[in-house]
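J.: Pasting a predicted model and its sequence here:
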Amino acid sequence: METAIAKAGALIEALDYIREFRGRIVVVKLGGSVLDDASLHKEMLKDIAFMATVGMQPIIVHGGGKAITRAMNQAGIEPVWVQGRRYTDERTLRIVEHTLVRAINEPICETLASLGCKPMGLHSLSSCVLFAETLRLEGENGRKLDVGLVGQVTSVNAQLLTTLCAAGTVPVIASVAKDRAGGNLNVNADSAAGKVAAQVVAEKLVVVSDTHGIRTNIEDPDSWVSSLNEQQIQEMIAAGIITDAMFPKVEACLTALAAGVKKAHIIDGRIAHSLLLEIYTEKGIGTQIIRS
């Protein structure tokens, strides 16, 4: 009886949030262990199916860095990194594209369909909604560093995405973009998600990863912060607290907020139902970032 009462209480707590977010777009970026662990993967997609069932309009953006590295190793290619970016030549790009589409995007769509959703895979082998220009990184003395066929997302087909969402379809976007000439570019999935959220002016951006939000001290798990604003984030970046793998996630959140997205969240996908807990409960479970 107590378990049943607790479940009923959770549903009542979620009711106001369900009403508030009904008909609103929420962009969910999937990464980390969620893409590699079959059980985590299925549970996260159940959360997204729940969101769609109660009237929210989820858009999924995914990467697949670990799977790409494994595929490269199997092909006898040693990954080369330039300032944290994977150097991408033609052969690497073919592996990236095949892995993202065949090994990740298509299984996500199949699982969502089995859960009663209407997914649509959007990628370089079907309808691509990401458009980019070649990325050149800043090196020493202002020199530009070549990272090959790597892009920075400049625009998104927001009209197609909003049309699909309004029709009850769940867009599933792989992080490969088209350039002006129609070629493909490997793009950072966090950055792509931030741009998607910005251009559809989503209600929320949720970045799902392997970290329980943002810490004020990277070495201290207890220094996790539940809520930060843009100014506090900029101060943490300037102080060197937000660096490395966390930086593109935070940058994506700031991109979304600057375009009018109300809140962005960074959550740990290894925690059961972390997506629903962050959106539909009072306390949440990760770090939310709000406008100053």
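T.: Great, that's in hand. Numbers count the residues shown, from 1 in each chain.
J.: switch to C-alpha atoms for all contacts and neighbour counts from now on
T.: OK.
J.: Could you pull out the buried residues of stretch 235-249?
T.: Within stretch 235-249, the residues that qualify as buried by neighbour count (16 or more other Cα atoms under 10 Å) are 241-242, 246, 248-249.
J.: I meant stretch 203-218, not that one.
T.: In terms of neighbour count (16+ other Cα under 10 Å), stretch 203-218 has its buried residues at 203-215.
J.: part of a strand, is residue 146?
T.: Yes - with DSSP: H, G, I helix; E, B strand; the rest coil as the criterion, residue 146 is part of a strand.
J.: got JSON lines for the buried residues of stretch 235-249, with pLDDT, secondary structure and distance to residue 164 too?
T.: Shown next, in JSON lines, are these (pLDDT from 0 to 100; DSSP: H, G, I helix; E, B strand; the rest coil; distance: Cα to Cα, whole Å):
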{"residue": "241", "pLDDT": "88", "secondary structure": "coil", "distance to residue 164": "39"}
{"residue": "242", "pLDDT": "89", "secondary structure": "coil", "distance to residue 164": "35"}
{"residue": "246", "pLDDT": "88", "secondary structure": "helix", "distance to residue 164": "31"}
{"residue": "248", "pLDDT": "90", "secondary structure": "helix", "distance to residue 164": "27"}
{"residue": "249", "pLDDT": "92", "secondary structure": "helix", "distance to residue 164": "26"}
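J.: Residue 197: which of those residues is nearest?
T.: Lowest distance from residue 197 to the buried residues of stretch 235-249 (Cα to Cα) belongs to residue 249, with 12.8 Å.
J.: Name the SS class of the nearest residue to that closest one once chain neighbours are set aside, please.
T.: When the adjacent residues along the chain are set aside, residue 249 lies closest to residue 190, with 5.5 Å between them (Cα to Cα, 6 or more residues apart in numbering). Three-state secondary structure (criterion: three-state DSSP) places residue 190 in helix.
J.: Determine how far stretch 167-185 lies from the middle of the whole chain.
T.: Centre-to-centre, stretch 167-185 and its host chain are 14 Å apart (Cα atoms, centre = their mean, to the nearest Å).
J.: low pLDDT regions in the chain?
T.: 1-11, 283 (pLDDT under 70).
J.: about what we covered before: may I ask you to confirm that the residue nearest to residue 249 is in contact with residue 247?
T.: No - contact criterion Cα atoms under 8 Å: residue 190 and residue 247 do not qualify, at 9.6 Å.
J.: Please tabulate the buried residues of stretch 235-249 in a markdown table, including the columns distance to residue 59.
T.: Putting the buried residues of stretch 235-249 into a markdown table (distance: Cα to Cα, whole Å) gives the following:
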| residue | distance to residue 59 |
| --- | --- |
| 241 | 30 |
| 242 | 26 |
| 246 | 22 |
| 248 | 19 |
| 249 | 17 |
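J.: from those residues, which is closest to residue 181?
T.: The shortest gap between residue 181 and any of these belongs to residue 248, at 26.6 Å (Cα to Cα).
J.: From residue 256, how far out is the closest one?
T.: Residue 248 sits at a distance of 12 Å from residue 256 (criterion: Cα to Cα, to the nearest Å).
J.: got it, and residue 97?
T.: With the distance defined as Cα to Cα, residue 97 ends up 26 Å from residue 256.
J.: one step back: mind checking which of the buried residues of stretch 203-218 are in strands?
T.: If you go by DSSP state E, the buried residues of stretch 203-218 have 204-209, 214-215 in strands.
J.: Most widely separated two among those residues?
T.: Pairwise over these, using Cα to Cα, the maximum falls at 204 and 215, 21.0 Å.
J.: The residue nearest to residue 249 - how many residues pack around it?
T.: Close neighbours of residue 190, defined as other Cα atoms under 10 Å, add up to 27.
J.: what does residue 53 give?
T.: Using other Cα under 10 Å, residue 53 has 15 neighbouring residues.
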